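Novice: Turn this into a structure:
(chains A and B)
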Amino acid sequence: AAGVIQSPRHLIKEKRETATLKCYPIPRHDTVYWYQQGPGQDPQFLISFYEKMQSDKGSIPDRFSAQQFSDYHSELNMSSLELGDSALYFCASSSGGQGAVEQYFGPGTRLTVT
Amino acid sequence: DQQVKQNSPSLSVQEGRISILNCDYTNSMFDYFLWYKKYPAEGPTFLISISSIKDKNEDGRFTVFLNKSAKHLSLHIVPSQPGDSAVYFCAARGNNAGNMLTFGGGTRLMVKP
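Specialist: Residues are numbered from 1 along each chain as shown, chains lettered A, B, ... in the order given. Predicted structure coming up:
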């Protein structure tokens, strides 16, 4: 079965640079979620989109923005990168809008900021 | 303030025995609870969920029990297998917070052959 695809899998950036992470949800899933997992921490919710509209917002810094496109893929744009942004970034998808319960996660993008 | 807590960072059990992973929560607005398994370098894999209106849900070797009055849930794996060795995350969904999940800190399960 097709899973959530994230690219790139690994990314190394320097401070103050920008980064773009991409997420391709499971086919026919209409909702995408972004989570950040710092070293030794649990995943923290950043933002989600349902049918290309932002549906929920968590602890996402103002330096970050995201969107969902017409083909339901999503991109997380990160600017003015800081050392503390180094983390695993997971994308998850679900179907059924607000009624969905299970979220299916991608393999993650490991971002290292030097 | 952590709303979902897994107080045991690690658990070691013998193959064939039962593994019991525990999770506590503080927010009474959570309406669904989920368990995820995570291997290194992979994303969390959904295992099983339970609605807050139920007290038990079973799927094969995995059973989740929910005690709402104690704000406590547990995941039972029986019999445990070496391939079950992974980090297990408890997660909760709030009925007033869209679909965002709040995760616990995880418990590393090691199943010894």
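Novice: Kindly report the residues of chain A close to chain B.
Specialist: With CB under 8 Å from any CB of the partner chain as the criterion, chain A comes near chain B at residues A:4, A:6, A:31, A:33, A:35, A:41-45, A:48, A:55-56, A:58, A:90, A:92, A:94, A:98, A:100-108. The C-beta positions use only the backbone N, C-alpha and C, and glycine is treated the same way.
Novice: Okay, now the unreliable bits of chain A?
Specialist: Along chain A, the model assigns pLDDT under 70 to residues A:1, A:98.
Novice: quick one: the strands in it?
Specialist: In chain A, the strands defined using DSSP state E lie at A:5-7, A:10-13, A:19-24, A:31-37, A:44-50, A:53-57, A:64-68, A:74-78, A:87-94, A:104-105, A:109-113.
Novice: can you give me the angle the fifth one makes with strand A:87-94?
Specialist: Strand A:44-50 and strand A:87-94 meet at an angle of 40 degrees, taking axes from the mean of the first three to the mean of the last three CA atoms, to 10 degrees as the criterion.
Novice: Indicate each strand paired with strand A:44-50 and its parallel or antiparallel sense.
Specialist: Applying DSSP bridges, strand A:44-50 is found paired with strand A:31-37 (antiparallel), strand A:53-57 (antiparallel).
Novice: tilt between it and strand A:64-68?
Specialist: Going by the same axes, to 10 degrees, strand A:44-50 makes 30 degrees with strand A:64-68.
Novice: re earlier: nearest to residue B:72, out of the strands of chain A?
Specialist: Closest approach to residue B:72 among these (CB to CB): strand A:44-50, 22.6 Å.
Novice: quick one: the closest one to chain centroid distance?
Specialist: Centre-to-centre, strand A:44-50 and its host chain are 7 Å apart (CA atoms, centre = their mean, to the nearest Å).
Novice: Can you add distance to residue A:14 and mean neighbour count and give the strands paired with strand A:44-50 back as CSV?
Specialist: Listed next are the strands paired with strand A:44-50 as CSV, based on distance: least, CB to CB, whole Å; neighbours: other CB atoms under 10 Å in any protein chain shown:
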stretch, distance to residue A:14, mean neighbour count
strand A:31-37, 19, 26
strand A:53-57, 28, 14
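Novice: I'd like these written out as CSV, with distance to residue A:11 added.
Specialist: As requested, the strands paired with strand A:44-50 are exported to CSV (distance: least, CB to CB, whole Å):
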stretch, distance to residue A:11
strand A:31-37, 14
strand A:53-57, 23
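Novice: got the contact list for residue B:72?
Specialist: Taking CB atoms under 8 Å, 6 or more residues apart in numbering or on different chains as the criterion, residue B:72 is in contact with B:22, B:23, B:24, B:25, B:66.
Novice: Look at the second one and say how many residues are nearby.
Specialist: Just to be clear, that refers to residue B:23. Neighbourhood size, residue B:23 [other CB atoms under 10 Å in any protein chain shown]: 27.
Novice: so how far is residue B:30 from it?
Specialist: Distance of residue B:23 to residue B:30, computed by CB to CB, to the nearest Å: 11 Å.
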